[in-house]
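**Q** Generate coordinates for the sequence data below:
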Amino acid sequence: MTRPLDRTDHAIISELQADARLSNKELAARVHVAPSTCLERVKRLRDEGVLEGFHARVAPRSLNIGMQAMIAVRLDHHSAGIVHAFQEYLLANPAIIAVYYLAGQTDFMCHVAVRDADQLREIAVDYMTSRPEVANVETSLIFEHRARPSLPSYADSPTTGSA
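**A** Numbers count the residues shown, from 1 in each chain. The predicted model follows:
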């Protein structure tokens, strides 16, 4: 079992979310700990699964991505095996960059990044509707995508509700 995160852990996480390329020395200075302490804490946060990875944000156009969309998928029947197999099927397609399993009318929301409308049609129509468990597919084009670069921290908050 992992121990609760303290203020220093939260500070390290915050700094790394803002800039994962910080050197250990700079990170240690920003969170006011010795470099050796900082290195050990970052290692522990990785080992405990708190830090899941470090990523580069890339401009989609530089990779020839001309269009992004959200595809809502509703299944006609459910079981743990069907849901898991369908998630794996979706993630096997490199154009599907995120899969969200939801409660409600929509079972899955898939974020896709494609070259053009033809590739989007291939994924939405050919790739997804070829599965027998798929009851409905609905595609929404993304005109603009903006996201926060980091998750919120509730270190000082006794509950996870909004203030």
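**Q** can you tell me the helix or strand for the most centrally placed residue in the chain?
**A** Nearest to the mean C-alpha position of the chain, by Cα atoms, centre = their mean, lies Ala98 at 6.4 Å. Take DSSP states H and E as the rule and Ala98 turns out to sit in strand 96-101.
**Q** That strand packs against which elements?
**A** Under the contact criterion of 3 or more Cβ pairs under 8 Å, 6 or more residues apart in numbering; DSSP states H and E, strand 96-101 touches helix 80-91, strand 108-114. C-beta here means a position set from N, CA and C on the backbone, and glycine is covered the same way.
**Q** Now mean pLDDT too, for those, in TSV please.
**A** Formatted as TSV, the helices and strands packed on strand 96-101 follow (pLDDT from 0 to 100):
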stretch	mean pLDDT
helix 80-91	95
strand 108-114	98
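**Q** Go through the ones you listed and pick out the most buried.
**A** Counting by mean count of other Cβ atoms under 10 Å, strand 108-114 has the highest mean neighbour count of the helices and strands packed on strand 96-101, with a mean of 21.
**Q** Output it as CSV, restricted to C-alpha atoms.
**A** Below are the C-alpha coordinates for strand 108-114, written out as CSV (Å, rounded to 0.1, in the frame of the first residue of the first chain):
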residue,chain,number,x,y,z
PHE,A,108,-17.6,4.8,-25.0
MET,A,109,-16.3,8.2,-26.1
CYS,A,110,-13.2,7.9,-28.4
HIS,A,111,-10.9,10.8,-29.2
VAL,A,112,-9.5,10.2,-32.7
ALA,A,113,-6.7,12.1,-34.6
VAL,A,114,-6.8,11.5,-38.3
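**Q** who's in contact with stretch 5-14?
**A** Under the criterion Cβ atoms under 8 Å, 6 or more residues apart in numbering, residues 27, 30-33, 38, 41-42, 45, 50-51, 150, 153, 155 lie in contact with stretch 5-14.
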